[in-house]
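> Provided below are the primary sequence and the corresponding predicted coordinates.
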Amino acid sequence: MRAERLLDANLNRAREGLRTLEELARLILEDADLAESFRSRRRQLGELGEEQLPDVLCDRSAGTDPGLAPEVAAGPRNDLAGVAAAAAGRVGESLRVLEEVGSTVSPTFSAGIQGIRHGWYDLDRDLRLRLGTRKSVSQPRLCVLLTCELCPGGDWARVVDALAEAGVDMVQIREKSWPDGPLLRHAEAVRARLPSSTRLVINDRVAVAATLGLDVHLGQQDLPTLEARKLLGRDVQIGRSTSGLAEAQQAIAAGADLVGVGPMFVSATKDKPPVGPAAAGAVAAAGIPHLAIGGVDLENLDLLCEQGVSGVAICRGVLEAKDVAETVQAIQSRLGMVAKDCPCP
């Protein structure tokens, strides 16, 4: 039996998948180099087909193709990562068919396909990792930055118990000077005191986050997001520090799921000049999951709410509060009202 029709079908299938991936890289990630990697492979496929295979246009017949039956039609995709996974699957499978079956028709054609396949799986990996996590990213209202030395009397356990009582959305363990071993044991102890509904995040330490399967927040000078994603996998959510909309958009394009924006106000834990509430408001208006950070407390919260900010990260303003649980509930209640109108997921 002639293989040309089979090769023609898989050429079309692979090029369609590559075009989908190219558009995701070009218009979603806005990465010209990544888009060109898909575009060049798509063009090479077209050129190989024209140069090495006979014209089978007249032999195409959708009516006699059992693969077009309704029961095997593609279903809906839940998100862009699902679109990319489906497209990449089509490309990878089709390239393998083209290489192996193509060798029976033209060794030159098969060798050309082998060249296109070289590096394909790394390319597929990089695109899909940069599209972010497989699970949806919910907009948090409050992330409490937990630093033991800032807890009254160093009693972090009392603070964590109060956070659990209040049902805080997120806790980020922020112990920049601790060695990995003590930090890992501390994170395990904190996790044991928090309900499963509270997201626990490790600041900076990818190795600790990977060991415990926790989310991580990275500063601008920390490991690049893609490299962190390779170590952590797609189920872990990665946050990134930014100072405004441009950096936030770059962080999301690089594969981050959430951004911290700041500092909002003068802060004892931040040595940068404040960027102000409007910077976080611009990120919120763009529909990017966010946390305004830096000098935020219950007293200045309304300045952020007026800008449409629906998530904040607070350290001293919660840890040093007279009633931690009451303060958390007040903050989350106020931000919950803003979140109803927030375009973030």
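On my side now, so go ahead.
> so where do the strands sit in the stretch 1-150 of the chain?
Per DSSP state E, counting those that start in this stretch, the stretch 1-150 of the chain has strands spanning 142-146. These are given in chain order.
> Let me see the ranges of the helices in it.
If you assign secondary structure with DSSP state H, counting those that start in this stretch, the helices in the stretch 1-150 of the chain sit at 4-23, 32-52, 80-102, 107-117, 120-130.
> Which one, of those, ends up nearest to Ile202?
Ile202 sits nearest to helix 120-130 of all the helices of the stretch 1-150 of the chain, at 19.1 Å, using CB to CB. All C-beta atoms are positioned from the backbone trio N, CA, C, and that covers glycine.
> For that closest one, buried residues please.
Trp120, Leu123, Asp124, Asp126, Leu127, Arg128, Leu129, Arg130 (16 or more other CB atoms under 10 Å).
> same check, this time on stretch 152-171
If you call a residue buried by 16+ other CB under 10 Å, then stretch 152-171 has these buried ones: Trp156, Val159, Val160, Ala162, Leu163, Ala164, Ala166, Val168, Asp169, Met170, Val171.
> pretty sure the second one is in contact with Gly153, am I right?
Pointing back at Val159 there. No. Proximity of Val159 to Gly153 does not meet the contact threshold set by CB atoms under 8 Å, at 10.0 Å.
> check which helix or strand covers Leu163.
Per DSSP states H and E, Leu163 falls inside helix 156-166.
> ok, the nearest residue to Arg41 once chain neighbours are set aside to Ala254 distance?
If you skip the residues right next to it in sequence, Arg41 has Ile116 as its closest partner in space, 5.1 Å away by CB to CB, 6 or more residues apart in numbering. In this structure, Ile116 and Ala254 are 26 Å apart, going by CB to CB, to the nearest Å.
> Asp215 too?
16 Å.
> Comparing those two, which residue is more hemmed in?
Neighbour count, other CB atoms under 10 Å: between Asp215 and Ala254, Asp215 has more, with 21 against 18.
> and that one, what pLDDT?
For Asp215, the model assigns a pLDDT of 96.
> and it, what does it touch?
Arg199, Leu200, Val201, Ile202, Ala209, Val236, Gln237, Ile238, Gly239 (CB atoms under 8 Å, 6 or more residues apart in numbering).
> so how far is Asp215 from the spatially closest residue to the first one that is not a sequence neighbour?
The spatially closest residue to Arg199, leaving aside those adjacent along the chain, is Met170, at 4.4 Å (CB to CB, 6+ apart). Distance of Met170 to Asp215, computed by CB to CB: 8 Å.
> same question, Ser37
For Ser37, the distance to Asp215 under the criterion CB to CB works out to 29 Å.
> Pro224 now?
Taken as CB to CB, the spacing of Pro224 relative to Asp215 amounts to 17 Å.
> same question, Arg334
Arg334 sits 24 Å away from Asp215, taking CB to CB as the criterion.
> list the contacts for Arg43?
Arg43 touches nothing, counting by CB under 8 Å, 6+ apart.
> Quick one, grab the pLDDT at Arg134.
On the pLDDT scale, Arg134 is placed at 66.
> Mind listing what's buried along the strand or helix carrying Leu183?
The secondary structure element spanning Leu183 is helix 180-193 (assigned by DSSP H and E). Of the residues in helix 180-193, those buried under the neighbour-count criterion (16+ other CB under 10 Å) are Leu183, Leu184, His186, Ala187, Val190, Arg191.
> buried stuff in stretch 101-115?
Residues of stretch 101-115 classed as buried under the neighbour-count rule (16+ other CB under 10 Å) are Val101, Gly102, Ser103, Val105, Ser106, Phe109, Ser110, Gly112, Ile113.
> Redo these as JSON lines? Include distance to Arg90 and pLDDT.
Conversion of these to JSON lines gives the following (distance: CB to CB, whole Å; pLDDT from 0 to 100):
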{"residue": "Val101", "distance to Arg90": "16", "pLDDT": "92"}
{"residue": "Gly102", "distance to Arg90": "17", "pLDDT": "89"}
{"residue": "Ser103", "distance to Arg90": "21", "pLDDT": "90"}
{"residue": "Val105", "distance to Arg90": "21", "pLDDT": "86"}
{"residue": "Ser106", "distance to Arg90": "23", "pLDDT": "88"}
{"residue": "Phe109", "distance to Arg90": "19", "pLDDT": "90"}
{"residue": "Ser110", "distance to Arg90": "19", "pLDDT": "91"}
{"residue": "Gly112", "distance to Arg90": "19", "pLDDT": "92"}
{"residue": "Ile113", "distance to Arg90": "15", "pLDDT": "93"}
